[in-house]
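S.K.: Just the structure for this:
(one chain, ligands or ions: 1)
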Amino acid sequence: MKPILIFYASRDGQAERIAQTLAVHLNTWPVQLCDLKTPSAPTIPSAAIIVVASVRYGRHLPEAVQFFKQKTKQLAQTPLAIASVSLSARKGDGSPNGYLKKLIYQHQLSPFAALSIAGKLNYPHYGWLDKQIIRLIMRMTGGPSDGISCIEYTDWPQLTAFAQKITAHLRQDNADG
Ligand SMILES: Cc1cc2nc3c(=O)[nH]c(=O)nc-3n(C[C@H](O)[C@H](O)[C@H](O)COP(=O)(O)O)c2cc1C
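M.R.: From the prediction side, this is the model:
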C-alpha cells in the first residue's frame, strides 16, 4: 500500500498540529509526515499528497509555495488535498477562501479536497511588530485586538470532515483499480 504523504509548513505550530491530527484521522493508511522546512521533501510514490500550510502576511509560507513550484509534475500525477491555515478562515465554513483560491489558481492545482481552516491567535507569543499587524487584521475582521488574547479558532470537526473526504476519495481510487 502506497503511503499518504502529509507535508506541512508552520511557524508557530498550529499548522503542524493540524497536520499531526490529520495523520491520526488517516491512520488506516500508512502516513508519512514531513516538515517542508527540512531540506529534501521525499518524492516517493504515494497514494495522495496532502499539504497543510499556514498564511503569514497574506501569503502561504514560502516553503509551501516553493514546494508547489518545484513538484508540479508529481502533483499533477498524484491525488492532492490542501488545507490552508489562517485567522481569517475563522469567518468561513471551510470552503476555499481568497488565499487558497489564489494559491490553487497561481500553481494551476487540481486538489480533490481543499479546506480553509482557522488557526490560532496567540498575542503573547508575537514580537512587537507582528503583534501590531495581527491587531490590525483582527480589528479589520472584528476579532480581539487587545494584544493579549490566546485563542485557538481551529474547527476540529471541520478537519475530521476533511479527513473523511480524503479517505472516501482514496477508497474510491482503490476500488477503481
Ligand atoms: C506574523 C503573522 C502574520 C499573519 N498574517 C496573516 C494573514 O495575513 N492573514 C490571516 O488570515 N492570518 C494571518 N496570520 C495568522 C496565522 O495564519 C495563524 O496564526 C496560524 O494559526 C499560524 O499558523 P502556524 O502556527 O502554523 O504558523 C498571521 C500570523 C502571524 C504570526
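
S.K.: so the residue nearest to residue 37 when sequence neighbours are not counted is in which element?
M.R.: Spatially, and ignoring its direct neighbours in sequence, residue 37 is nearest to residue 63 (5.5 Å; C-beta to C-beta, 6 or more residues apart in numbering). Any C-beta I mention is one placed from the backbone N, CA and C, and that applies to glycine too. Taking DSSP states H and E as the definition, residue 63 sits inside helix 62-70.

S.K.: Just the buried residues of the next helix-or-strand element following that helix, please?
M.R.: Downstream of helix 62-70, the first helix or strand assigned by DSSP H and E is helix 72-77. Buried residues in helix 72-77, defined by neighbour count with 16 or more other C-beta atoms under 10 Å: 74, 75.

S.K.: With stretch 48-61 instead?
M.R.: Buried residues in stretch 48-61, defined by neighbour count with 16+ other C-beta under 10 Å: 48, 49, 50, 51, 52, 53, 54, 55, 60, 61.

S.K.: got the contact list for the helix or strand where the fourth one lies?
M.R.: Just to be clear, that refers to residue 51. Here residue 51, judged by DSSP H and E, is contained in strand 48-56. Strand 48-56 has contacts (C-beta atoms under 8 Å, 6 or more residues apart in numbering) with 4-12, 14-16, 18-19, 22, 36, 60-61, 64, 67-68, 71, 74-75, 78-86, 88, 99, 119, 166, 169-170.
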